[in-house]
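Asker: Just to be clear, the model below is a prediction. Sequence and coordinates:
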Amino acid sequence: MKKDIHPDYHFIKVTLADGTKFETRSTMPGKEYTSDVDSTNHPFFTGRRQYVDTAGRVEKFRRRYGIPAGVEEEKEDK
């Protein structure tokens, strides 16, 4: 096997959204990983539908790209 071509494979502590913790091995950088979505809260596994806060996503986009809240897109009529 060739030397120095494989990524670092080390132990990592994983914390799921419901608080469950376990230890596994990974090539992911860092020593800990916290999951926001897993099988305990994802709609595919739970069968429940979650409504997304669209306005919150728009505001997050505007903050990220520095677009003021009152600015609307110009529409071109042809």
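Answerer: That came through fine.

Asker: where exactly do the helices run in the chain?
Answerer: Using DSSP state H, the helices of the chain run over 43-46, 54-65.

Asker: Out of these, point me to the one whose mean pLDDT is lowest.
Answerer: Sorting those by mean pLDDT places helix 43-46 lowest, at a mean of 72.

Asker: Endpoint to endpoint, stretch 19-29 covers what distance?
Answerer: Taking Cα to Cα, to the nearest Å as the measure, stretch 19-29 stretches 21 Å from start to finish.

Asker: Check which helices and strands the helix or strand bottoming out on mean pLDDT in the chain sits against.
Answerer: The weakest-scoring helix or strand in the chain, judged by mean pLDDT, DSSP states H and E, is helix 43-46 (a mean of 72). Contact partners of helix 43-46 among helices and strands, from 3 or more Cβ pairs under 8 Å, 6 or more residues apart in numbering; DSSP states H and E: none. Where you see a C-beta, it was placed from the backbone N, CA and C, and this is true even at glycine.

Asker: rewinding a little: identify whichever of the helices of the chain lies nearest to residue 26.
Answerer: Nearest to residue 26 among these is helix 43-46; the distance by Cβ to Cβ comes to 22.2 Å.

Asker: If you count neighbours, what's buried in that closest one?
Answerer: Using 16 or more other Cβ atoms under 10 Å as the test for burial, helix 43-46 gives no buried residues.

Asker: Dump that helix to CSV, restricted to CA.
Answerer: Taking C-alpha atoms only, helix 43-46 is exported to CSV below (Å, rounded to 0.1, in the frame of the first residue of the first chain):
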residue,chain,number,x,y,z
PRO,A,43,-40.2,14.0,7.5
PHE,A,44,-39.3,11.0,5.4
PHE,A,45,-38.9,8.8,8.5
THR,A,46,-41.6,10.4,10.8
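
Asker: Return the distance of residue 1 relative to residue 64.
Answerer: 44 Å (Cβ to Cβ, to the nearest Å).

Asker: the more surrounded of those two?
Answerer: Higher neighbour count among residue 1 and residue 64: residue 64, with 8 against 4, using other Cβ atoms under 10 Å.
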